[in-house]
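Asker: here is a sequence together with a model predicted from it:
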Amino acid sequence: MMHSGDSIAGNSKKGETYRGQITKTFNSTTESHRRRTIKQLKDHWCLDNKKVTHFNGCYIKIERMRQSGADDNMVMQATKAKYLKDMKHEFKLEHWWEACYRKNLAQSRWAEERAVIKKGFEDICEAALVRVFVG
């Protein structure tokens, strides 16, 4: 989150510069046998981002249909069930989604029905990936 949330430099850098900084941060905070290249981190990001983005889409659909009296746990259980039905496997990146969702919710609290702007969500998730690996 520190790379996309930087109000001075932000994430308006070219891909290699931005990903290079993420890779440098990742490698500086992990054991030497776990160091990764830019390509390895980008490939991992691309695979997991699809899963997180699909889960977020499921959440938005379920949230929009929230019945009176339904609490957040009921919405989350319905979201997990929808994801499982759609993808044929359980969603195991809830910690990543939570980091992205909570950060985006704080940034877009005025957005109608908590709508998540796709570009902003993806940028925040990319930075969250580093945070998940770094700790």
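Answerer: Great, that's in hand.
Asker: which of the helices and strands in the chain ranks last by mean pLDDT?
Answerer: Within the chain, no helix or strand scores below helix 118-134, which has a mean of 63 by mean pLDDT, DSSP states H and E.
Asker: so where's the chain uncertain?
Answerer: Within the chain, the stretches with pLDDT under 70 are 1-15, 102-135.
Asker: tell me where it has helices.
Answerer: Secondary structure of the chain (DSSP state H): helices at 15-28, 38-64, 72-87, 94-107, 118-134.
Asker: I'd like those helices written out as JSON lines, with mean neighbour count added.
Answerer: Every C-beta, even on glycine, is put in place using the N, C-alpha and C of the backbone. Shown next, in JSON lines, are the helices of the chain (neighbours: other Cβ atoms under 10 Å):
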{"stretch": "helix 15-28", "mean neighbour count": "16"}
{"stretch": "helix 38-64", "mean neighbour count": "16"}
{"stretch": "helix 72-87", "mean neighbour count": "14"}
{"stretch": "helix 94-107", "mean neighbour count": "17"}
{"stretch": "helix 118-134", "mean neighbour count": "19"}
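Asker: now the end-to-end length of stretch 21-35.
Answerer: 14 Å (Cα to Cα, to the nearest Å).
Asker: again, but for stretch 66-73
Answerer: For stretch 66-73, the end-to-end distance is 11 Å (Cα to Cα).
Asker: then stretch 21-38?
Answerer: End-to-end for stretch 21-38, by Cα to Cα: 9 Å.
Asker: could you shift the numbering so residue one becomes 544, and keep it that way?
Answerer: OK, 544 is where the count begins now, so the last one is stretch 564-581.
Asker: how close does L590 sit to I565?
Answerer: Look at L590 and I565: by Cβ to Cβ, to the nearest Å, they are 16 Å apart.
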